[in-house]
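K.L.:
I would like to see how this sequence folds:
(5 chains, ligands or ions: 4)
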Amino acid sequence: MANISTLNTTAAGFDAVSDQVASGPRGRKPRRVVSGRNIMLYGTLFVAALYYLLPLYVMVVTSLKGMPEVRMGNIFAPPMEITFEPWVKAWAEACTGLNCDGLSRGFWNSVRILIPSVVVSIAVASVSGYSLANWRFKGSELFFSILIIGAFIPYQVMIYPVVIALRELGVYGTLTGLVIVHTIFGMPILTLLFRNYFASLPVELFKAARIDGAGFWQIYFRIMLPMALPIFVVAMILQVTGIWNDFLFGVVFTRPDVYPMTVQLNNIVNSVQGVKEYNVNMAATLLTGAVPLIVYFLSGRLFVRGIAAGAVKG
Amino acid sequence: ADLEVTHWWTSGGEAAAVAEFAKAFDATGNKWVDGAIAGGGSTARPIMISRITGGDPMGATQFNHGRQAQELVEAGLMRDLTDVAEKGNWKEVIKPASLLDSCTIDGRIYCVPVNIHSWQWLWLNNEAFEKAGVAVPKDWNEFVAAGPKLKEAGIHPLALGGQPWQANGLFDTLLLALGGKELHEKVYVEKDAEAAAGPEVAKIFEAAAQARELSIGTNVQDWNQATNMVITGKAAGQVMGDWAQGEFQIAGKVAGKDYSCLPGLGVSQYITTGGDAFYFPVLKDEEGSKAQDALAEVLVAPETQVAFNLKKGSLPIRGDVDLATANDCMKKGLEIVAQGNALTSTDQLLSPDSQSQKQDLMTEFFSSTSMTPEAAQERFAEIISSAD
Amino acid sequence: MTGLAPAKRPNQLFRNLTAKIASIPMILIALGIFLGGSLWTVVYSFTNSKLLPRATFVGFDQFERLWASSRWIISIQNLAIYGILSLIFSMVIGFLLAALMDQKIRFENTFRTIFLYPFALSFIVTGLVWQWILNPEFGVQGIVRSLGWESFTFDPLYNPDIVIYGILIAGLWQGTGLVMCLMLAGLRGIDEDIWKAARVDGIPMWRTYLFIVIPMMRPVFITTLVIIASGIVKVYDLVVAQTSGGPGNASEVPAKYVYDYMFQAQNLGQGFAASTMMLLTVAIIIIPWAYLEFGGKKRG
Amino acid sequence: MNNSVSIRDLSLSFGAVKVLQNMNLEIRDGEFLVLLGSSGCGKSTLLNCIAGLLEPTDGQIFIKGRNVTWEEPKDRGIGMVFQSYALYPQMTVEKNLSFGLRVAKVPKEDIQRRIARAADILQIQPLLKRKPAELSGGQRQRVAIGRALVRDVDVFLFDEPLSNLDAKLRSELRVEIKRLHHSLKNTMIYVTHDQIEALTLADRIAIMKSGVIQQLDDPVTIYNRPVNLFVAGFIGSPSMNFLHGELVEEGGSTVFKTHGVSFSLEGYEAEGPLTPGRKVVLGVRPEHIHVDNHQAGAEMHDAVVDIEEPMGADNLLWLKHAGHTMSVRTGGAKRFAPGTKLQMSFDMSVASLFDAETEERI
Amino acid sequence: MNNSVSIRDLSLSFGAVKVLQNMNLEIRDGEFLVLLGSSGCGKSTLLNCIAGLLEPTDGQIFIKGRNVTWEEPKDRGIGMVFQSYALYPQMTVEKNLSFGLRVAKVPKEDIQRRIARAADILQIQPLLKRKPAELSGGQRQRVAIGRALVRDVDVFLFDEPLSNLDAKLRSELRVEIKRLHHSLKNTMIYVTHDQIEALTLADRIAIMKSGVIQQLDDPVTIYNRPVNLFVAGFIGSPSMNFLHGELVEEGGSTVFKTHGVSFSLEGYEAEGPLTPGRKVVLGVRPEHIHVDNHQAGAEMHDAVVDIEEPMGADNLLWLKHAGHTMSVRTGGAKRFAPGTKLQMSFDMSVASLFDAETEERI
Ligand SMILES: Nc1ncnc2c1ncn2[C@@H]1O[C@H](COP(=O)(O)OP(=O)(O)OP(=O)(O)O)[C@@H](O)[C@H]1O
Ligand SMILES: Nc1ncnc2c1ncn2[C@@H]1O[C@H](COP(=O)(O)OP(=O)(O)OP(=O)(O)O)[C@@H](O)[C@H]1O
Ligand SMILES: [Mg+2]
Ligand SMILES: [Mg+2]
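P.N.:
Ligands and ions are numbered 1, 2, ... in the order given. Okay, here's the model as predicted:
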C-alpha cells in the first residue's frame, strides 16, 4: 500500500530520535494475579458466598446425620456416619396425625396445584399487562395503580373477603378456587412485570400488526408472545417458587386430599414428638425446596436477563 | 361414608389417641379421613373457620369447646346433635354436667365433648431432684424453695415453653391453686375488677414473678418440648395440663417412680375442667350427616372413651367407665372430679378475645423481668374490667 | 366532496371492546378484591365483629383499644426497626455485591447463583434454618463455646432486646440476592461512556459509584424499594417460623397481630382495625409514589 | 374524485397539549407528498391519524372519497412503513409479508402470487426464508416496504423509513423508493426530517411546525420562494444566510441596509410593496453568493474568509462581512485560506425578503 | 519532537477477534486528525487505546514523546468527548466541569478560573447552573467539550461527538469545533463515520477498514486521489461511479473499454504503466461528469435520464448509459425530466483507475 510507505518514512525519522524510549513499556500492562485489589474483591465475594451457603450446608449436613449425632455434635461438623434414614423418613414415613407417609403424599398434590395455578396466573397477568401497555382505555391506569397498591396488602387481611368472594362464586375449596386465589395474589407483581416488558417493545410492531389487520388476540398470540420469552421465564420462576412455597392458601382454600407439600412440611416440622428431629426436618425442608431450587439453578441466567428487561425499566 | 375430621392433635400422645377414634369410627363401616394440621389451635383454627364459612366444611372438627364456636352455631353453620344426644342419654352419662352445658345453646346440643382436661398440674422429674440433692417437693412452695439447689446442679427449675397460652395457663393455675376457688370465681366468673386489683391477686402476681425467675433460660417454644426437658431431666418441673401425661407415657416413664404429678400444684384440691369437643358442621349430603351421627355416637361410647383418654392422658367424660388401667396421676384426677371439685375453665368463662388480651399480658410478663408484678396487675385488672 | 356527510363518532364504550373484555379479570381483581376487600376491611374495622363479620358499629372503639395495646405498639416498633434496617441493609449489601459482581470477575454465574438461591426458598424454610443456626445450644453460640470461649453469647432469638435483629439476619439472607440482581441489571444499564469519562477525569472508582452511578440508578432503586417495602409490610411467615413472635412478644409484627386477632382471639373487628392501620400506612407511602410513577407521565 | 386523501379540520390533543391544530390537507391521487418538519412537530401524529392508529380529537379523514375517520386501520386501504422497520422478529421474511394476508384469510395461492410479485419488485426473493435478524438494514427496509406492497393498498404511508440507515444506504434506498413510486404510481405520504430526502422525493412538500402546515408546494418553489422565515431557514443545507436590516430609500430605489452597508434589491420579485423604513430580513442561500466572479452588473462587497470547510465536491466558506458571518458555497477545486480577503455579490433574483415582525415573505 | 501522539505496532484483540492489527500512526503537534471508517472497523477501539481505556495486546503509545502505554488515562494528558456526551446527569454543568479538578485537589480559585475560561470559549456561562437534562443536544455537546477543556490537556479525543445531533445542529457545531481548533491549536483526534465531517474538519484523514489504515492523507488528496477502491467508494456522496472494464490499445493510445464503449484516458495521471489487457475499474465522481456542456476537446457519450433528484442547490441525475447507471451532479437551476436524452463527458484529470484484482490505484 502506497500510504504505508510514506508513513514508514516519517516513522523512521522518529525512530532515530527515540530509540531508547521504544524499549519501554509495551503491550499489556503486566498484572499480578494476587494483587491487593483481587484479594479484596474475591475475599469479599468469598466471605459473602460463605454466608449464603452456610445454611444450605447446615441443612444438607444435618439431614445426613443420625439423631444422636445431631444432639451431640455441632451443626457445622460433617456427618461422621452418613445416613439416608432422615430422607427416607421425611419422604415416606413421617407422621402427621394419622397419616404416616411423609412428604410423598403432598408432592403430587403440589404439582397438581402448581401447574394450573402457574399457567392461569401467568396467562391472566400477561394479557392484562399487554392490554395495559398497548390497549389503554379510560381508567386502565387507575385499575393498574390499585393493583400495585394491592401488592402491599398483607395476605391475611384479604383472606376474609376472598373467602366470601369464592363462596359466592361457589368455587370455595376446589382446585379452581385455589387457582383463582393464586392468580389474584400473583396479579400485582406479574402485571407490573409484563406491562413494563411489553411497553419496552417497540410500539411500531404493534402498529404494524394493527395495520396488517390483526386484532387484540392475534397480536397477543402471534406477535407479542413469541417475543416475550425472557419475561415469561421470570414470571414462571416467581410463580413456581411462590406457589410451591405457599402454605397459607394451600391449606385455607383446599381440602386435605389436595393439601400441598408445604402443609406436610409444616406438619412434619411442627408435630414435635419429644425432641425435634432436626435431621428429618432438614431433609424434609430440602425435599420441599428442591423444585424451586432446581428451577433456579437451571434458569438463573434467564432470570437475571428477564429481571433486567421487566423490572428495571418503566 | 368418608368423613373428613380436622384437628390439631399431632404430638406423639395425641396422634396415638386420635388413632383410637379413627379405629372405632372405621369399625362402624365409615371412613375417618384424617385432616391433621400441626402447629396448634392458632394455626388450625383459622383454616377450620375459613372452610366452614367458605361453604366447604369438613365432616367434623375439633374445637376447644367453650365460646370459640358459639358464633358459628348462631350462624346456623353447625349441626344440631340434640337427637343423637337424647338417644345416647348424654345428659345422664356425661360428667361433669358442665361439659355438656358448654355445648348447649338455647337448649340444643351442638358439640360432643371427648375428654376432660385440667390445667392445674405440676409435673416433676424425680431424678432431677435426686441429682440436686433435694427431696421431691410435695407442693408448689417446696418446689420454689428447691429452686436455688436445682440451679446449682445445672438444672432448670421450671420449664416454660414460649407459646403464649402456656404462660397464660401457668398464671391461671397459680391463681386457682394459691388463691383458691373464691378468688377464681370472683375474678373470672364475676369479672370483679376490684378483686382483680386487690391484694389477693397481688400475691398471685408475686408468685408468678417467682415462677418467672425459675423459668428463665428455657429456650423452647412448644409445650411438649418443655415437657421433654422435664422427661430428660434438663428441667425439674413444669406446670402443664394433664395432656403432658401422654408425653411421659410415650417416653416410657412410670408415674410415681420416674416422675411425680401434683394436681392443684399440691396446694389446692380444685382443678378446672375444660376439654376438647368435636363440632359437626352442617353438611349438604344425607350420607355425610348419617356418618356424623355415627361419629358422634362413637366418640361418646365408653370403649372409645377409655382407649382414647388412656392414650391422651386426659380424663374421660363419663363417670361410668372403668379405668382400672389408669395410672397414678390419672386416678388422682378422677378422684377430684368425683368429689365435685371440678370448676369451669377460664376458656369457657372468658371470650377468646379477653383470653387473648390476657395471654398477651402474660407473655409479656413472663418473657421479661422488666415488667413489675404491680404493673402487670394493673393491666390485668383493666382486662378483667372490660372482659366479656 | 362537500356532499359527504360527516360520519358519526362511534360509542366510546365499544371501541377496542376485546381489550376491555380481556381486561375484565384484572378489573375484577383490582376493584372486587383489592379495592373492595380493603373497603370491606375498613368498614368492618368499625364494628365489634367477633368470629364472624357483624355489622354492629362501635365507632372508633377498636382503634382506641388497638393503640392502647402494648403488643401493637411493640409490633409497630419492630416493623419500623426491621423495615428501616432491612431496607438499608438489603440496599447496601445488594448494591455492594452487585458492584463487586460488576468488576468483570471470574465465576460470575456461580457467585450469582449462590447469592440468589435463598430467594427460591420460602420464609418458612428460611426461618427454620436460621432458627437452627442461631439456636444457642446447637448453633453458632454452642460452637464457639465448645471451642473454648465459654462466655461467648450469641442468642438473638432468645434475647428480647435483639431478637428482631436475629430475624433481620434471616430476612437479609433470603432477600438480598434479588436486590443484587436488580442492582446488577441497573449497573449494566449504565452507559459505558460514563465510566470512561470518569476514568479520563481521573475520578477514583468509589467516587464514581458514589457520586455518579448511584444517583443515575434512581429508577432501579425505586423499583427495588417497592419490592422490598412490599415484602416488609407483609413480613409474617418469617417471624412465625423463627420465633412465633417470641420470646414473649418481643418479635411481634403487625401482620401477625392482625392474623392472631382475627383468627385466634376471634375478634375480627380488632384485626380489621389493625389491618386498616397497615393499609393507611401503606397508602400514605405508596399512593404518592404510584401517582408519580404511573399516573402522571404518559408513554410517547 | 381526484383526491386520494383529504384531511378536514383535523385536530388532535394529548391531554392539554395540542399536537395538531385544525389541519386541512388534500393529497392528489398518485402524488408523492412529503411531510417535513423538525422533531416533535407532529408529523408522525398526523400519519398515525391517517393510518387510524390514533384517534383525532376533531375533524375528518377521507381516503378515496370515503370517510374513514372511525374505521379500523386495516379497512382504510393503507400500508405503512416504519422507521424502525417493525418487522416481526420471530417470523421469516415470507411470514412477515404474508402475516396480514393470513390474518385476512386470503387464499393460499393468492398469497403466494402477491408475495412473488412483491419479492420481484423489491428483489428480495433470496431472503424469503431468512429472519429479520439475519438481514442488513437496507434489506430490512425493503421487507418493510414489501409488507405494505403485498396488501395492494391505495395509499402508502412512510414514517422516516430511512433515518436509521447510514448515509450511503440512505441515498441508495431513496432512489429505490423514487423508482417504486414511478412504477406503482400509488399515493405516497412520506414523513421525514431530512430535507434532502424531501427535496429529492417529493412531488409536493408540506412543511410543518408545531402542528401547523407552513407551506405546501413543490420542492423548487419551497426552495426558492419560501413563504416565511421558518421555511427559509429550515430548508437548505448549509442554511440560508439571514441579514437583519431595513429598507431604505437610496438613490431613487429601495435598497436593503444593514450595518451601514446597502444592497441593491434589483432583480428581486417582491410580493408586496417595498415600503422604506420597514424592518426586514434578507435571506440569501450560500450558493447564491458569488465570490471573485465579476458578473455583469453585480454589486460587489468586501469580505474576509473566516473558516473554510472543504466538502469534496465543493467548498463551504464562512465569510465575515460587516458584522455578519455568511456561508458561501464555491466549487471544490478552488481553495481559500482563512484570512483571505475577497469580494462577493448576491444573486437577488433568487434571494428572499421577509418582514422582521410577521416573518412572512414580502 | 514534533509528534504529539505516536502509535507503534499497536495490536488489539478481543479474544480471537483481531480488532487492530499492527497499527502505526504518527500524529503531529497541533494536527486535527480524523479517523474515518464504517461502523465496527475499530475506530473507537483505537481511540480508547490512546486514552488508556483499553489495554493493547501489543505495541506502544507515545504522547508528547512519553511512553504512556501503561499509564492511567488521567495521567496521559488527554481529554475525551463521547458520542453520548456522558455528562454526569445529576450534577450541574459547573459541577460536571469541575468534578475531575476537585478530585485532583486543584485549588478553588484555579478551578474557578479554568471554568470561566472554558465557559467563555464555549459560551456556556448562562448554563453553568443547569443540569444536563435541561440542556439541548448541542449545549450538552459543548459541555462535554468543556469537560476536556478545563483539564488543560495536550490532546483532545473525540468519539463521534456529533452523531447524536440533527443535521442542522451538526453542521453548526462542526464549524464551532473547527474554530476551537483554530484558537486552541491542540492536537485533536476525531472519530467519525460521517465523511462530510471528516472532509471539513481534518488536516489529515486516516481511513480505516477492519482495523487497518487504508490511506492517511489530507482531505483533498483523499478525495481526488484515493489509493484504492475502498477509499474511493467510501469517500464522496453521492458516491463515485465505478465502471468495470479493461484497458485496450486503440488508435495508438490505451483506452478504457466497457460494454463496447471506449473512453479515452487522456489527462489521467497514472502511477504505473497502463498495460493493455489489464482488467480495471474506472471511477468518476458525479460532479466530474459534465452533461450537455460541450467542453473543448471532450469526448461525448449518449445517455438517458433515469431519475432526477433535485437537492435544492443542485440536482442529482441518474443516467443510463450502456448497461451502467451513473449519478451525475448538475446545477440546481436546470431540470431534466426522466427519459431525457443527453450527452455526457468525463473529466479524466480527476478520475481514478484501479486494478480490478488488487483494487489498488494505477
Ligand atoms: N402519547 C403521547 N402523549 C403525549 N404527547 C405525545 C404523545 N405522542 C406524541 N406526543 C407529543 O406530540 C408531539 C408530536 O409528536 P410526533 O411524534 O408526531 O412528532 P414527530 O414530528 O413525528 O417527531 P419525530 O421527528 O421526532 O418523529 C411531540 O411534542 C410529542 O411530545
Ligand atoms: N468488548 C468487546 N468485546 C469483543 N469485541 C468487541 C468489543 N468491543 C468492540 N468489539 C468489536 O471490535 C470491533 C471494533 O469496534 P469499535 O467499537 O472500535 O468500532 P467503531 O469503528 O468504533 O464502530 P462504530 O462506528 O460503530 O462506533 C467491532 O467489530 C466490535 O464488534
Ligand atoms: Mg415521528
Ligand atoms: Mg465507535
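K.L.:
give me the element the residue nearest to C:V42 when sequence neighbours are not counted is part of.
P.N.:
Using CB to CB, 6 or more residues apart in numbering or on different chains and skipping the chain neighbours, the partner closest in space to C:V42 is C:T276 (5.1 Å). Heads up, the C-betas are built off the backbone N, CA and C, glycines and all. Assigned by DSSP states H and E, C:T276 falls within helix C:268-290.
K.L.:
Show me which positions of that helix end up buried.
P.N.:
Buried residues in helix C:268-290, defined by neighbour count with 16 or more other CB atoms under 10 Å in any protein chain shown: C:268-279, C:282, C:285-286, C:290.
K.L.:
For that helix, what does the pLDDT average out to?
P.N.:
On average, the pLDDT along helix C:268-290 is 82.
K.L.:
Who are the packing partners of it?
P.N.:
Other helices and strands packing on helix C:268-290, by 3 or more CB pairs under 8 Å, 6 or more residues apart in numbering or on different chains; DSSP states H and E, are helix A:140-150, helix A:155-169, helix C:36-44, helix C:61-68, helix C:218-233, helix C:254-259.
K.L.:
okay, the ones you listed, which one's buried deepest?
P.N.:
helix C:254-259 (a mean of 26; mean count of other CB atoms under 10 Å in any protein chain shown).
K.L.:
Quick check, B:S42 in contact with C:D260.
P.N.:
Yes: using CB atoms under 8 Å, B:S42 is in contact with C:D260, at 6.9 Å.
K.L.:
now the helices for the stretch 1-150 of chain A?
P.N.:
For the stretch 1-150 of chain A, applying DSSP state H, counting those that start in this stretch gives helices covering A:2-17, A:36-63, A:67-72, A:85-88, A:104-134, A:140-150.
K.L.:
who wins for proximity to B:G180 among those helices?
P.N.:
Ranking the helices of the stretch 1-150 of chain A by proximity to B:G180 (CB to CB) places helix A:67-72 first, at 43.2 Å.
K.L.:
elements contacting the closest one?
P.N.:
For helix A:67-72, the packing partners by 3+ CB pairs under 8 Å, 6+ apart come out as helix A:278-307.
K.L.:
Close to chain E: what parts of the stretch 201-350 of chain D are there?
P.N.:
Within reach of chain E by CB under 8 Å from any CB of the partner chain, the stretch 201-350 of chain D has these residues: D:201, D:219-220, D:223, D:235-239, D:285-287, D:307, D:309-314, D:316, D:318, D:329, D:332, D:335, D:338.
K.L.:
please redo it, this time with the cut-off set to 6 Å
P.N.:
D:219, D:223, D:236, D:238, D:287, D:307, D:309-313 (CB under 6 Å from any CB of the partner chain).
K.L.:
Format the residues you listed as a markdown table; extra columns: neighbour count.
P.N.:
Below are these laid out as a markdown table (neighbours: other CB atoms under 10 Å in any protein chain shown):
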| residue | neighbour count |
| --- | --- |
| D:P219 | 23 |
| D:Y223 | 25 |
| D:G236 | 23 |
| D:P238 | 21 |
| D:E287 | 21 |
| D:I307 | 21 |
| D:E309 | 22 |
| D:P310 | 21 |
| D:M311 | 20 |
| D:G312 | 21 |
| D:A313 | 19 |
